[in-house]
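1. starting from these lines, generate the structure:
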Amino acid sequence: MSFRALLFPLVVLIPLGGCGGGGSSGAPASTASAASEPKATGHVADAPAGTQVIVSSTPGASDLLALSAAVLDVHEVGPDGAFFIHPEATNVVVSAPGKALLRAPVSSSSAPLHLEPEAVLSARITDPAGRPEEDALVLVLEADAALPLSPLDLVTGADGRVQIGRLPTGRYELLVAAASGSRYVTAEVDLTSGATTTLELVASEDDALERRFLRITGAPFPGDALAREEVR
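-> I've put the predicted structure just below:
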């Protein structure tokens with residue numbers, strides 16, 4: 001199964017990582033509706049230009065489509081680093097150029113959020129014959145849940161390479177799906193703030209990894225629709 005059909009809802013989930021936002025020269029531009037006025041504001045200390053925040057409620061599940069459904073608002077911070085908090089928000093993610101993603105619960109504290117330098121992952125994905133896997137999707141997982149990174153930054157080029165920034169220090173798992181949906185590979189990696197880590201991975205057929213990829217992204221398993229029809 002190809003992952004291409006998943007890209008639209010995933011891009012809706014996290015339009016971060018260079019995809020732009022609605023910043024302004026005054027207060028931060030917010031997508032909150034008039035009926036859901038922000039209940040408070042937060043502040044990011046020393047926020048570089050292009051810093052964005054995504055605020056969400058508690059998702060009903062840990063897959064990417066459930067996370068997408070929980071998103072309430074996405075906007076750029078103001079020149080002073082201020083951002084709005086949706087009244088139903090429970091979580092905030094801050095994404096800034098050259099900085100590590102910061103995830104935090106919504107708090108009544110007025111203390112500013114501080115960003116750390118990013119870790120960078122550079123990976124090259126090939127098939128068993130050594131050919132580059134163009135358009136492979138590389139998920140960065142923590143505790144079996146994908147980090148909220150822009151899907152457009154997670155897709156390999158014609159040379160099978162991808163470089164992913166804005167990563168926090170820590171140990172993560174990579175789960176890679178070839179564009180065809182027929183080959184997969186996984187690997188663990190330790191990332192360090194301010195450093196670039198390079199990996200070479202070979203994707204091959206793996207039914208268990210395919211099902212895991214589909215579960216993490218929230219996509220239906222092959223045959224599920226047919227099975228439901230048979231039950232009827």
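
2. any idea how far residue 189 is from residue 195?
-> From residue 195 across to residue 189, the span is 12 Å (CB to CB, to the nearest Å). Where you see a C-beta, it was placed from the backbone N, CA and C, and this is true even at glycine.

3. ok, now residue 182?
-> According to CB to CB, residue 182 and residue 189 sit 24 Å apart.

4. can you map out the strands along this structure?
-> Using DSSP state E, the strands assigned to the chain run over residues 40-43, 52-56, 71-76, 82-85, 91-95, 102-105, 119-126, 137-142, 145-146, 161-167, 170-177, 184-191, 196-202.

5. just say which of those strands is most tucked in.
-> strand 52-56 (a mean of 26; mean count of other CB atoms under 10 Å).

6. and it, what does it pack against?
-> Under the contact definition 3 or more CB pairs under 8 Å, 6 or more residues apart in numbering; DSSP states H and E, strand 52-56 sits against strand 71-76, strand 82-85, strand 91-95.

7. state the mean pLDDT of it.
-> The pLDDT scores in strand 52-56 average 92.

8. relative to strand 91-95, how tilted is that strand?
-> Relative orientation of strand 52-56 versus strand 91-95 (axes from the mean of the first three to the mean of the last three CA atoms, to 10 degrees): 160 degrees.

9. what does strand 52-56 rub up against?
-> With CB atoms under 8 Å, 6 or more residues apart in numbering as the test, strand 52-56 has contacts from 14, 16, 21, 28, 42, 44, 67, 70-77, 83-86, 89-96, 106, 148.

10. for that strand, list the C-alpha coordinates in PDB.
-> The C-alpha trace of strand 52-56 is given here as PDB (Å, rounded to 0.1, in the frame of the first residue of the first chain):
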ATOM      1  CA  GLN A  52       5.300  28.600  14.800                       C
ATOM      2  CA  VAL A  53       3.100  27.100  17.400                       C
ATOM      3  CA  ILE A  54       0.500  24.400  17.100                       C
ATOM      4  CA  VAL A  55      -2.000  24.000  19.900                       C
ATOM      5  CA  SER A  56      -4.200  20.900  20.300                       C
END
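
11. partners of it in the sheet?
-> Strand 52-56 has the following strand partners under DSSP bridges: strand 71-76 (antiparallel), strand 91-95 (antiparallel).

12. pull the distance from it to the chain's centre.
-> In terms of CA atoms, centre = their mean, to the nearest Å, the centre of strand 52-56 is set 12 Å apart from its chain centre.
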